[in-house]
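K.L.:
sequence unavailable; structure follows:
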């Protein structure tokens, strides 16, 4: 599941960083975020619009959720401009690397220990059945327990505020993370695997394609059930380093 | 009658104030009210200016029926929440102390302007108490250079929150844009503490730079993903 981290920031990196979220004046904290919300801040806006801003923050073990392509997007854009303006590749990469104006932000979600959830619900979280949560095993070095990456809490973080980084997801696990993110952000579909398992051994009696939306295909099985298939978006390369 | 008067919005130019002076209610222009001390305190010039700076739509009516009970209730409420003296409350509504007593006893009939000022004072005291606690009294009395919030209310201004905020700043009670932080108590230890200890012997931070990619990597051509097909109200199905 894990590999030692190295190189530039990668999707699936596990690191220590500050996190924050905006809240209401009563500083409501869901139980699962009890470890994350360590400080309460009230920003006085009485001279601006009279409506204060309330924020809770803390430091946390987080997993990087933004795609690798995002992390060096501006670096690549500047590198390309410099090369087109006559610089060599090495010069362009050097100049881009030292440009302090480039975006330094990434998105990450915190790890929440499985034990912080009600006992009766832990099985579903472990199995990855709960949309918005990506299960991860205990750290090989005991730095954190078996947890879920809470995708419902997402912070935008400056790379320069990272305290330390230690592990990164292996490529296969990173693909699962991407699926979990896509499912949470876009699909919210029923568990495809369970539908497929139920269909094993049955015969397809009819296939229908919705011409108004070529992304969907309906398979009618011999018992009358219909499998509604949705064409998934193009997957990135396993490493996530070459194609979006 | 509804008077829509100018804004105290800090982003709004003060040049616009002149345009709105004509919207002043007849309060300071045609004094036909009863009572003994309506003329006290604020000059017409100041009254005009401060009225022009209010930001609320204020209904102006003929003098309302005197309600000694309401005056007494508001007065006692202001004393309770802001600890202002009766003398200061009188000043806040532009009358002397004997007139305020007369309002309460029913011997003197206050104008609607005085009742309105008393209501504004009560609301302002509530706001000051909510934001500045026991220093609400000091905030209401503090002279910000244009007069104190009490003076502003006496002049007919209906929203003195900006003046109170300025007064509080002058008193050192707040710093504009200040952030107050409080530590949350929890029985659970933050997860990063253990990780920080375990990882202390190996500090790894992401390197700079990036991985070279073609510009096209960052471009999306949605025409490739969404076919340009006519929209149908009912999906047409094709059997295979």
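P.N.:
Noted; the coordinates are in hand. Keep in mind the model is a prediction, meaning the values are calculated, not measured.
K.L.:
so where does residue A:14 fall, helix or strand?
P.N.:
strand A:13-23 (DSSP states H and E).
K.L.:
count the residues that sit near the residue in chain A that chain B sits nearest to.
P.N.:
Per CB to the nearest CB, residue A:72 is where chain A lies closest to chain B, at 2.3 Å. Where you see a C-beta, it was placed from the backbone N, CA and C, and this is true even at glycine. Neighbour count of residue A:72, defined by other CB atoms under 10 Å in any protein chain shown: 23.
K.L.:
I'd say it and residue B:206 touch.
P.N.:
No - Residue A:72 sits out of contact with residue B:206 when judged by CB atoms under 8 Å, with a separation of 10.5 Å.
K.L.:
tell me the contacts of residue 89?
P.N.:
Assuming you mean chain A. The contact partners of residue A:89, by CB atoms under 8 Å, 6 or more residues apart in numbering or on different chains, come to A:79, A:83, B:212.
K.L.:
nope, chain B
P.N.:
Shown in contact with residue B:89 (CB under 8 Å, 6+ apart): B:75, B:78-79, B:100, B:118, B:121.
K.L.:
apply 10 Å and report the result again.
P.N.:
Residue B:89 is in contact with B:71, B:74-76, B:78-79, B:82, B:95, B:97, B:100, B:117-118, B:121-122, B:125, B:140, B:150, counting by CB atoms under 10 Å, 6 or more residues apart in numbering or on different chains.
K.L.:
dump the residue contacts of residue B:150.
P.N.:
Residues in contact with residue B:150 (CB under 10 Å, 6+ apart) are B:41, B:84, B:88-94, B:117, B:121, B:124-125, B:139-143, B:160, B:163, B:167.
K.L.:
change it to 6 Å
P.N.:
B:91-92, B:140 (CB atoms under 6 Å, 6 or more residues apart in numbering or on different chains).
K.L.:
mind giving me the PyMOL command for buried ones among these?
P.N.:
Burial among the contacts of residue B:150 is assessed by 16 or more other CB atoms under 10 Å in any protein chain shown; the matching PyMOL selection reads:
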select buried, chain B and resi 91+92+140
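K.L.:
adding distance to residue A:148 and secondary structure, write the contacts of residue B:150 out as JSON lines.
P.N.:
Output for the contacts of residue B:150, formatted as JSON lines (distance: CB to CB, whole Å; DSSP: H, G, I helix; E, B strand; the rest coil):
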{"residue": "B:91", "distance to residue A:148": "62", "secondary structure": "helix"}
{"residue": "B:92", "distance to residue A:148": "58", "secondary structure": "helix"}
{"residue": "B:140", "distance to residue A:148": "52", "secondary structure": "helix"}
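K.L.:
closest to chain A out of the contacts of residue B:150?
P.N.:
Looking across the contacts of residue B:150 and measuring by CB to the nearest CB, the closest to chain A is residue B:140, at 15.3 Å.
K.L.:
which pLDDT value belongs to residue A:230?
P.N.:
If you check residue A:230, the pLDDT there is 68.
K.L.:
just residue B:36 next, same as before
P.N.:
With respect to pLDDT, residue B:36 scores 39.
K.L.:
now for chain A, the helix or strand with the poorest mean pLDDT.
P.N.:
helix A:192-199 (a mean of 66; mean pLDDT, DSSP states H and E).
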